[in-house]
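Novice: structure for the following, please:
(chains A and B, ligands or ions: 5)
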Amino acid sequence: MGGALLAIRDLFVEFKVYEGKLKVLNGVFLSVREGQRVGLVGEAGCGKTTTMKCVLRILPSPPGRITKGEILFRGEDILRMPPRKVQRIRGRGISMIFQDPTAALNPVFTIGDQLMTVIRYGSHDSLTRREVRQRAIKALAEVQLPDPERIMASYPIQLSGGMRQRVCIAMALATEPELLIADEPTTNLDVTIQDQVLRLLNELVVRRKTSVIFITHSLGVVREMADWVYVMYAGNIIEGGPKGDLFREPLHPYTRGLMRAVPKLTGGGIAEGIPGRIPDYLDPPPGCRFHPRCEHAMPRCSQKNPPFRPVREGHEVACFLYQE
Amino acid sequence: MEPILEIKDLKKYFVTSRGTVRAVDEISFELLRGETLGLVGESGSGKSTTAYTVIGIYAPTSGKILFRGQDISVPVSKRPKTLKRAIQIVFQDPGTSLNPRRTIGQILELPLKVHRIGDRNDRRRRVVELLRMVELPEDYIYKAPHMLGGGERQMVAIARALATEPELVILDEPTSALDVSIQAKIINMLLDFQREMNLSYLFITHDLSLMRNVAHRVAIMYLGKICELAPAVEFFENPYHPYTKMLLSSIPVVSEEEEKMKPEKIISQGEIPSPVNPPPGCRFHTRCTERNGICSQELPGMVRVREGHLVWCHLFGKKEEG
Ligand SMILES: Nc1ncnc2c1ncn2[C@@H]1O[C@H](COP(=O)(O)OP(=O)(O)OP(=O)(O)O)[C@@H](O)[C@H]1O
Ligand SMILES: Nc1ncnc2c1ncn2[C@@H]1O[C@H](COP(=O)(O)OP(=O)(O)OP(=O)(O)O)[C@@H](O)[C@H]1O
Ligand code: SF4
Ligand SMILES: [Mg+2]
Ligand SMILES: [Mg+2]
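Specialist: Ligands and ions are numbered 1, 2, ... in the order given. I've put the predicted structure just below:
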């Protein structure tokens, strides 16, 4: 069994805004083993992207500030590394596909220029111009883009959404990272195109044994893309475990509510959703942040944030229902 | 049951500098009273354009739109006011569809004023009643849209659509911008209103799993054309059109039971072509795994494969017997 490639422990992040402090991340725990495909699922604003920005040390600061925690990459704390070392980890160690492919690609440069820049700076062997170009073309061919030569000379707006997302995948994989973070890579794509991109991404990471953190708000997508799933709610990882177990028997009341609320292809109507709304980070509820919406809330739920603990083989949950 | 809305050979083209966009290209369907007809399809297939043409934001390029048998394919300015009252729409984005400079009270009162419904006191009572219907507290009258959550804003948009007691409501992706945990409540509320007020819904979404749970019948669009139209259960359990099968087999689901519902895996391939120069013949032939010679030559006609189940594809119908 591989050791942890990445381990996020007890991570806290705040954002200072005009109205006060947004207490967003509230003690996040998450780990990725070598070759593992981890899914991180949660609804809008729960802190998925913020967590990953900390991993890459690109959290804008100000307004953001990490107030506590550690992020171990191969046992070394990224948060306490000298900037030059972090720079080396980005690209060859960890690379990321960003949520919005239009924002990730610069509109005034050709795809070729952008991809070759990534390869030149991200790869550790010194390459000639020709070699860089060849690698770029190979990277585009690998994401099954037809006519890579033409794509190299194209500008982002000349490509469809699905093609742009393939380019982003090619860029993120061109440096052969150990860990790939894919932040909602298919959220704005149509389902048939999403299906193509997901299948491709899966094939590439499985073949190269790249470890992945796959971020999405869709339980269906995470079920197709991950072996291990973490569920996030309002700045906390509230449940995590092997995919099969987690989908068969979700434990946390939030995860269960979410599973129920997803419309099913088998029909039978839409179950009741989860009452209330996501808390205000300026003044989050004390204790378990889910307690105001939870049908099982007990007195201690509003007093202390439940620790994230294993309940059975690797299946962990942050909920007092499962703790003495 | 009588149809409340009949669409006949509707076309809506947009002339742009890049060429003519054939957004809606001769579609026909009807919507019965009290029914939900689901309109599904990928982005750019022409769903919103169909909706906007029905509501009168666009005049049709050609074809007919009949509401209660009356021809309404005239510019919106020429439509009788009572008609405008009877057809309402809820848009996708709850953030931009509500005027940020008005209070919720003013937003809900506006349609009543426009249609000269009641005096000030009546209107005030009606606004409170509308808020109660969508389960929002009365003091929301004084709030501005930005103070509400996305789900609550969409509730206000729904209340506004219901203010004039319409008969037909067009729902254009009413929950696509919302989290699933919030979506459930809104959908259930919409279904309750339909039962109580015998509303007819033209329900647009790209979420097929959602459609399975709300629609009585489903029509699927691709590049401005309808490919298949069937009662919801039929549509999901016995799809005919290759595009329907490709879509259904591409949906990510959360359980094994749903996995079993999906047609045998049809590998999705190809890009969605542009509606400016749509492919000749069957619009889908460039991506179809079952195409044959005729598909790129001739537009497939409508085939009734079963009672109420219509398919536009060369694989079915007369060609099959020959
Ligand atoms: N630069 C920033 N300044 C202020 N607040 C921020 C900033 N970035 C993030 N936040 C806040 O942190 C919270 C979490 O944001 P984040 O982008 O991590 O969520 P997410 O889970 O990725 O959501 P989504 O699914 O919408 O992408 C949000 O409520 C947001 O308001
Ligand atoms: N006012 C307009 N002028 C020019 N082209 C338009 C206009 N409105 C829509 N179109 C084009 O018509 C086609 C159909 O658009 P429409 O908005 O109806 O699609 P849709 O099915 O609602 O898609 P989505 O799921 O993205 O909302 C698209 O190619 C679109 O770019
Ligand atoms: S008409 Fe031909 S191309 Fe079109 S869906 Fe049917 S088989 Fe495929
Ligand atoms: Mg995000
Ligand atoms: Mg639309």
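Novice: when you work out contacts or count neighbours from here on, use the C-alpha atoms and nothing else.
Specialist: Fine.
Novice: please enumerate the strands of chain B.
Specialist: Taking DSSP state E, the strands of chain B run over residues B:3-16, B:19-32, B:36-40, B:62-67, B:70-71, B:87-90, B:168-172, B:200-204, B:217-222, B:225-231, B:302-306, B:309-312.
Novice: tell me how far the second one lies from the chain's centre.
Specialist: If I follow you right, that is strand B:19-32. 12 Å (Cα atoms, centre = their mean, to the nearest Å).
Novice: does ligand 2 sit close to that strand?
Specialist: Yes. Using Cα under 6 Å from any ligand atom, we find that strand B:19-32 touches ligand 2 at B:21, B:23.
Novice: and the strands of chain B, which is most packed in?
Specialist: strand B:36-40 (a mean of 26; mean count of other Cα atoms under 10 Å in any protein chain shown).
Novice: before we move on, the earlier item: closest to ligand 1 out of the strands of chain B?
Specialist: Taking Cα to the nearest ligand atom, strand B:168-172 is the member of the strands of chain B nearest to ligand 1, at 21.5 Å.
Novice: where does chain B dip in pLDDT?
Specialist: Applying pLDDT under 70 to chain B picks out residues B:94, B:318-322.
Novice: now the phi/psi pair for residue A:247, please.
Specialist: In terms of degrees, to the nearest 10, the main-chain angles of residue A:247 are phi -80, psi -30.
Novice: touching, it and residue B:253? I think so.
Specialist: No. Using Cα atoms under 8 Å, residue A:247 is not in contact with residue B:253, being 11.0 Å away.
Novice: more neighbours, those two?
Specialist: Neighbour totals were compared for residue A:247 and residue B:253, and residue B:253 leads with 24 against 19 (other Cα atoms under 10 Å in any protein chain shown).
Novice: torsion angles phi and psi at that one?
Specialist: Per degrees, to the nearest 10, the backbone of residue B:253 is at phi -120, psi 170.
Novice: would you confirm that it contacts residue B:259?
Specialist: Yes. Taking Cα under 8 Å as the definition, residue B:253 is a contact partner of residue B:259 at 6.7 Å.
Novice: common neighbours of residue A:247 and residue B:253, please.
Specialist: When Cα atoms under 8 Å, 6 or more residues apart in numbering or on different chains defines a contact, no residue borders residue A:247 and residue B:253 alike.
Novice: ok but residue A:32 is inside a strand, no?
Specialist: Yes. Checked against DSSP: H, G, I helix; E, B strand; the rest coil, residue A:32 lies within a strand.
Novice: for the chain, longest helix please?
Specialist: You didn't say which chain, so I picked chain A. As assigned by DSSP state H, the longest helix anywhere in chain A is helix A:191-208.
Novice: chain B, not that one
Specialist: If you go by DSSP H, chain B has its longest helix at helix B:180-197.
Novice: contacts for the helix-or-strand element of chain A with minimal mean pLDDT?
Specialist: Every helix and strand in chain A was compared by mean pLDDT, DSSP states H and E; the lowest is helix A:101-104, with a mean of 73. With contacts defined as Cα under 8 Å, 6+ apart, helix A:101-104 is touched by A:98, A:156, A:161, A:164, A:165, A:168, A:185.
Novice: again with stretch B:29-38
Specialist: The contact list for stretch B:29-38, computed with Cα under 8 Å, 6+ apart, reads B:1-8, B:194-195, B:198-205, B:211, B:214-219.
Novice: so is the longest helix of chain A next to chain B?
Specialist: Yes. Helix A:191-208 reaches chain B (Cα under 8 Å from any Cα of the partner chain) through A:191, A:192, A:193, A:195, A:196.
Novice: quick one: residues contacting the second one.
Specialist: Neighbouring residues of residue A:192 by Cα under 8 Å, 6+ apart: B:246, B:247, B:250, B:251, B:268, B:269.
Novice: farthest-apart pair in those, please.
Specialist: Greatest spatial distance in these: B:251 and B:269, 14.4 Å, computed using Cα to Cα.
Novice: okay, the two: which has more neighbours?
Specialist: Neighbour totals were compared for residue B:251 and residue B:269, and residue B:251 leads with 21 against 15 (other Cα under 10 Å).
Novice: quick check, distance from stretch A:207-217 to the centre of its chain.
Specialist: 9 Å.
Novice: what's the answer for stretch A:226-239, then?
Specialist: When distances are taken as Cα atoms, centre = their mean, stretch A:226-239 is centred 10 Å away from the chain's centroid.
Novice: which residues are contacting that stretch?
Specialist: For stretch A:226-239, contacts defined as Cα under 8 Å, 6+ apart pick out A:24-30, A:36-43, A:45-48, A:214, A:222, A:240-243, A:246, A:251-252, A:254-255, A:278-279, A:289-290, A:308, A:315-319.
Novice: and the residues you listed, which are buried?
Specialist: Using 16 or more other Cα atoms under 10 Å in any protein chain shown as the burial test, these include A:24-30, A:36-43, A:46-48, A:214, A:222, A:240-243, A:246, A:251-252, A:254-255, A:278-279, A:289-290, A:308, A:315-319 as buried.
Novice: thinking again about what came up before, show me which residues of the longest helix of chain A are buried.
Specialist: A:191-198, A:200-202, A:204-205.
Novice: filter those by proximity to ligand 1?
Specialist: Counting by Cα under 6 Å from any ligand atom, no member of these is near ligand 1.
Novice: can I get the residues you listed in a markdown table with distance to ligand 3?
Specialist: Shown next, in a markdown table, are the buried residues of helix A:191-208 (distance: Cα to the nearest ligand atom, whole Å):
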| residue | distance to ligand 3 |
| --- | --- |
| A:191 | 18 |
| A:192 | 15 |
| A:193 | 17 |
| A:194 | 20 |
| A:195 | 19 |
| A:196 | 19 |
| A:197 | 22 |
| A:198 | 24 |
| A:200 | 24 |
| A:201 | 27 |
| A:202 | 28 |
| A:204 | 30 |
| A:205 | 32 |
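Novice: among the contacts of helix A:101-104, which ones are in helices?
Specialist: Per DSSP H, the contacts of helix A:101-104 map to helices at A:161, A:164, A:165, A:168.
Novice: go through those residues and name the one nearest ligand 3.
Specialist: After measuring the ones in helices among the contacts of helix A:101-104 against ligand 3 - Cα to the nearest ligand atom - the closest member comes out as residue A:161, at 23.5 Å.
Novice: my read: that closest one touches residue A:189, true?
Specialist: Yes. Counting by Cα under 8 Å, residue A:161 touches residue A:189, with 6.7 Å between them.
Novice: quick one: contacts of the strand or helix carrying residue A:65?
Specialist: In this structure, residue A:65 sits in strand A:64-73 according to DSSP states H and E. Around strand A:64-73, the neighbours that count as contacts under Cα under 8 Å, 6+ apart are A:5-16, A:27, A:54-55, A:59, A:77-79.
Novice: what does stretch A:11-18 give?
Specialist: Contacts of stretch A:11-18 (Cα under 8 Å, 6+ apart): A:21-29, A:62-71.
Novice: out of the contacts of stretch A:226-239, which are inside strands?
Specialist: Counted as lying in strands by DSSP E, out of the contacts of stretch A:226-239, are A:24-30, A:37-41, A:214, A:240-242, A:315-317.
Novice: next secondary structure after the host helix or strand of residue A:173?
Specialist: For residue A:173, the element it lies in under DSSP H and E is helix A:161-174. Using DSSP H and E, the next helix or strand after helix A:161-174 towards the C-terminus is strand A:179-183.
Novice: neighbouring strands - and their directions - for that following strand?
Specialist: strand A:94-97 (parallel), strand A:211-216 (parallel) (DSSP bridges).
Novice: once you drop chain neighbours, what's closest to residue B:297?
Specialist: In space, and not counting its chain neighbours, residue B:297 is closest to residue B:281: 4.6 Å by Cα to Cα, 6 or more residues apart in numbering or on different chains.
Novice: report how many residues lie close to the one you found.
Specialist: 16.
Novice: gap between it and ligand 1?
Specialist: In this view, residue B:281 and ligand 1 are 41 Å apart by Cα to the nearest ligand atom, to the nearest Å.
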